[in-house]
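Asks: dropping a prediction and its sequence here:
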Amino acid sequence: MEDILILGIESSCDETAAAVVKNGREVLSNVINSQIEIHKRYGGVVPEIASRCHIEAVNTVIDEALEKAGVTFDDIDAIAVTYGPGLVGALLVGVSAAKALSYALKKPLVNVHHIKGHICSNYVAHHDLKPPFVCLVASGGHSHIVYAKDFLEYEIMGMTRDDAAGEAFDKIARVLGLGYPGGPKIDALAKEGNPHAFEFPRVKMAEGSLDFSFSGVKTAVINHIHNLEQKGEDYNKADVAASFQEAVCDALVSHTLEAAKRKNTKTVVIAGGVASNSALRQKMTEEAQKQGIDVLYPPPVLCTDNAVMIASAGYYEYISGVRADMRLNAVASLSLED
């Protein structure tokens, strides 16, 4: 079988990324232009600014990805691009660039779901990984428990009904005065605190549901902080951060392992920006070991938004015959099962 090279393009939020991946698993290049420093001053991602930054960076990151991979457009078999979900203006930049390249170069165009990309980051990190397995995808915009039946067949077993886990991290970090992005800052500060100093709520849904809700714990933490501040009482920020993180990780771990139990699978993978959280990795691994379940996760560079995961997902779509045409458009809200 001849090698297949996929050029992946990602622009769903605040990272403009391009990558070349061979056969869905081998990374030849991974270029990411992050906008974090720009959005820091605003305390979060400003969609219009993100779109403009993507326009400025997209051609450069594509050229750099090809150069680092040591290939040209002639060597590329197909172009894969994130078309949703995400910020629609940001998505449009990547989709437009991919369509232009596909048309000009007469190369196949493959549309990729952003969450499927996160799941596929584990195929790059763990070359022997194959479905079926349960995957927790947790980031600033998503919190899903997904059963991967096959490379292209997914079942949503649970998802957040309000805030995503990463969104809650960002909001609590802001209240604590830690700045943006909040996830890494909460993670670092929590190492200095007591995770059991405060018992923040863990929301349970209806019997049998594996859905999440993080708005309650977020509100509880914010109210706790405000009450202490109104009374003029000092509090340990590290204890608050650690206790909040413990509550979120408890929910993510317990629901994910329950999903694995229901599917009788012995492999759990985690993906998305929150998969970089050290407490989540440790807790998931420790609790899974008690049940004889293996836990896999990508390196941090593949947890945040990147084009490697899009190229990997695009490879499996490409070899199955999936193709997009010039009518492809960005879709801000997109179900994983569509």
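Replies: Yep, it's here. Just so we're clear, the structure is a prediction, and the values are computed from it rather than from any experiment.
Asks: neighbours around residue 145, how many?
Replies: 26 (other CB atoms under 10 Å). Quick note: C-beta positions are derived from backbone N, CA and C, even for glycine.
Asks: repeat for the one 10 residues further on
Replies: Counted with other CB under 10 Å, the neighbours of residue 155 add up to 15.
Asks: kindly report the same for residue 287.
Replies: Residue 287: 18 neighbours (other CB under 10 Å).
Asks: so, low pLDDT: which residues of this structure?
Replies: Low-confidence segments of the chain, defined by pLDDT under 70: 338.
Asks: so what's residue 20 up against?
Replies: Counting by CB atoms under 8 Å, 6 or more residues apart in numbering, residue 20 touches 5-8, 27-29, 65-66, 68-69, 71, 76, 311.
Asks: looking at these, which are in strands?
Replies: Taking DSSP state E as the definition of strands, the contacts of residue 20 contribute 5-8, 27-29.
Asks: would a markdown table of the residues you listed with neighbour count and distance to residue 106 be doable?
Replies: Listed next are these as a markdown table, based on neighbours: other CB atoms under 10 Å; distance: CB to CB, whole Å:
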| residue | neighbour count | distance to residue 106 |
| --- | --- | --- |
| 5 | 19 | 16 |
| 6 | 31 | 16 |
| 7 | 33 | 14 |
| 8 | 33 | 19 |
| 27 | 19 | 26 |
| 28 | 20 | 22 |
| 29 | 22 | 22 |
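Asks: what's the most distant pair in those residues?
Replies: Comparing every pair within these by CB to CB identifies 7 and 27 as the most remote, at 12.5 Å.
Asks: need the overlap of contacts for those two.
Replies: 19-20.
Asks: surely residue 111 meets residue 91?
Replies: No - counting by CB atoms under 8 Å, residue 111 stays clear of residue 91, with 10.7 Å between them.
Asks: tell me which of the two has more neighbours.
Replies: residue 91 (27 against 21).
Asks: show me what contacts the more buried one?
Replies: When contacts are counted by CB under 8 Å, 6+ apart, residue 91 touches 11-12, 82-84, 330-332.
Asks: what helix or strand is it located in?
Replies: Using DSSP states H and E, residue 91 falls within helix 88-105.
Asks: buried residues in that helix?
Replies: 88-99, 101-102 (16 or more other CB atoms under 10 Å).
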